[in-house]
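[1] show me how the following folds:
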Amino acid sequence: MVRQTLAAFLITAVGLLATQAQAMPVSYSIDGSGFYGNPVGSFTYDASTNRFSNVDIWSLDHFTSATGNATDRLMRATGALGSVLRLVFDSPLSDAGGVLTFSGYEQGVLTLGLRLRREGAASSNIVSGSGTGVYEPGATLLFILGLALVLLMPRRSLAASGH
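    Residues are numbered from 1 along each chain as shown. Next up, the predicted model:
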């Protein structure tokens, strides 16, 4: 019984002392000429989830959502009028940030179905230490398991012995 209690407390302590993983989405700015030129605006990329958010890019259309894959260095944004902006970066997007050049095209109603070439650079706005602490799933599982073991262990009552 003492070993079980000690193991339960040890698992709980490990869960409580486990470190946090840092999830740091990176914001990028695109400096172009905008309308009839290269895109201008910003987006946020989270390397841990491989997702784009806060997309606000202007070109011939206004692009507010994007999908892509860091491995392929691709961002595909859809505009308000159904236009497609496809950008391929010179290196994979990551949480390291930096300046990434891109090339690609925009195609849609305002381009009369033609693919207009788009190119430029996206620069990151990383503020050191701005990551949000997120508990690792394994640490949370250890904590819950240890807590459950402590709470669900059978309790022995200490009877007063009359010797």
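
[2] so what's the residue count around the nearest residue to Asn69 once chain neighbours are set aside?
    Of all residues beyond its chain neighbours, the one nearest Asn69 is Asn50 (6.6 Å), with distances taken as CB to CB, 6 or more residues apart in numbering. The C-beta positions use only the backbone N, C-alpha and C, and glycine is treated the same way. Per other CB atoms under 10 Å, the neighbour tally for Asn50 reads 13.

[3] pLDDT score for Asn50?
    Predicted confidence (pLDDT) for Asn50: 88.

[4] next up, the contacts around it.
    The contact partners of Asn50, by CB atoms under 8 Å, 6 or more residues apart in numbering, come to Gly68, Asn69, Ala70.

[5] do the same with Ile30
    Asn38, Pro39, Val40, Gly41, Ser42, Phe43, Ile57, Gly120, Ala121, Ala122.

[6] what bridges to the fourth one?
    It stands for Gly41. In this entry, Gly41 is beta-bridged to Ile30, Ile57, by DSSP bridges.

[7] buried ones in stretch 89-97?
    By 16 or more other CB atoms under 10 Å, the buried positions in stretch 89-97 come out as Phe89, Leu93, Asp95, Gly97.

[8] of the contacts of Ile30, which is the most crowded?
    Ala122 (27 neighbours).
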